[in-house]
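[1] just coords:
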């Protein structure tokens, strides 16, 4: 069965570019591309891997990770915004629940390799990524 990857980005061009690239990859994942608001309306979504754009949730990636980790246990890859000088922020993102932080510029091949590693390390026999019916809101 094809792994399901959920890509969360509030930037539509980024979301479309990554969705197109992932869908055409040899990994052959089923890709669901959403913005943060759409993700909140899909509480039963149980992907094998979550890719979170650093700018999702109005750029508050730490709060986004906190909310995701309250209901989700699977791997989360955070795509950085290119500010590789902010080491403290990268550490905070990893400590908040990200499994990997990928900072641009990066090649499509590196992204696919990292996705492959995260999917291999995740035990697919465990329950889904998110607990069905769990709410995810900032209220």
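    Received the coordinates, thanks. Keep in mind that what you see is a predicted model, and the values were worked out from it rather than measured.
[2] use CA for all of it now, contacts and neighbours both
    Will do.
[3] in three-state terms, label residue 33 for me.
    Look at residue 33: counting by DSSP: H, G, I helix; E, B strand; the rest coil, its state is strand.
[4] so who does it touch?
    6-9, 15-16, 19 (CA atoms under 8 Å, 6 or more residues apart in numbering).
[5] could you measure from it over to residue 12?
    9 Å (CA to CA, to the nearest Å).
[6] which of the contacts of residue 33 fall within strands?
    6-8 (DSSP state E).
[7] before we move on, what SS does the residue nearest to the spatial centre of the chain have?
    Most central in the chain under CA atoms, centre = their mean is residue 51, positioned 1.8 Å from the mean C-alpha point. Using three-state DSSP, the structure places residue 51 in strand.
[8] when you give positions from now on, start the count at 253
    Sure thing, new numbering starts at 253, so read that last one as residue 303.
[9] okay, the ones in strands among the contacts of residue 285 in a markdown table with neighbour count next?
    A markdown table is the format used below for the ones in strands among the contacts of residue 285 (neighbours: other CA atoms under 10 Å):
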| residue | neighbour count |
| --- | --- |
| 258 | 23 |
| 259 | 28 |
| 260 | 27 |
